[in-house]
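[1] generate coordinates for the sequence data below:
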Amino acid sequence: MFRKSETPVVAGGKISNILGPDTSYKGTLKSDGNVRVDGVYEGHIETAGNVIIGPSGRVLADIVASSVQVWGAVRGNITAQGRLEILSAGRVWGNIRVLSLLIDEGGMFRGQCLMAGEGVEPVALPAEQAQGEAPAAQAEMKPTASVAPNDQMVTVPTEASAPAVTEASATPITTPDGDAAVRPAEPATPSAEAEATSTEAAHAPAPRSRRRAASSEEKGAS
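    Numbering: from 1, shown residues only. Purely as a prediction, here's the structure:
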């Protein structure tokens, strides 16, 4: 089996610009050729060629290039018209916009990735299938009302309301001589329930002792 080369290789020509491992640079770099960074770079890199970040490279910059290979560490946004490769020791923190992405085993990427492409539409369900699934989903989500059986129904008795009692009130009146007098209070009118109770008591049969006394009196009179 073939193994990936452990040394950075640039496709598309020789390297025109090199930043050595013992070099630190801060600023903006613009070029038409390939760029390789093995030292510490901070700023902005823009080239029409390719960019290689070596194993000892530490880059804090945005990169715009044709293709990018990361063997070291990059903190910044990367825009590549072709492919971005993050090798086994590569680390990338930032958002990327590329045509294709390759992350080797052990490589790390943290950020948002936007794959460039024209005329690519998101996958959607057919309209008929979506409409057919909607009623079924609503039927599954519709709750069903449960009715308790008759033997479980409980009737709660209501308390009988006590008969209302109207209190008699004294009404003040004025005599022809101008003296104030008090009209005697009118007796309270018994309620219908009270009259019914008294009627039942009147028609109730007399106790046994009273009936015996009445019968003995009738015998003595005879």
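
[2] tally of neighbours for the closest residue to S88 other than its chain neighbours?
    Leaving aside its chain neighbours, S88 sits nearest to G106 (3.8 Å; criterion: CB to CB, 6 or more residues apart in numbering). (Each C-beta comes from the backbone N, C-alpha and C, glycine too.) When neighbours are defined as other CB atoms under 10 Å, G106 has 10 of them.

[3] can you pull the pLDDT of G106?
    Per-residue pLDDT puts G106 at 93.

[4] use 54 as the first number for this chain going forward.
    From this message on, residue numbering opens at 54, which makes the last subject G159.

[5] for it, grab phi and psi.
    phi 100, psi -20 (degrees, to the nearest 10).

[6] does it really touch I139, like I thought?
    No: using CB atoms under 8 Å as the test, G159 is too far from I139 to be in contact (9.4 Å).

[7] so which helix or strand takes in L154?
    Using DSSP states H and E, L154 falls within strand 153-156.

[8] so what strands line up beside that strand?
    The pairing partners recorded for strand 153-156 under DSSP bridges are strand 136-139 (parallel).

[9] buried ones in the partner strand?
    Using 16 or more other CB atoms under 10 Å as the test for burial, strand 136-139 gives 136-139.

[10] closest to I71 out of those?
    Checking the buried residues of strand 136-139 against I71 by CB to CB gives E138 as the nearest, at 18.9 Å.

[11] do you know how far S69 is from I105?
    In this structure, S69 and I105 are 12 Å apart, going by CB to CB, to the nearest Å.

[12] R163 against V145, yeah?
    Yes: at 7.2 Å, R163 counts as touching V145 under the criterion of CB under 8 Å.
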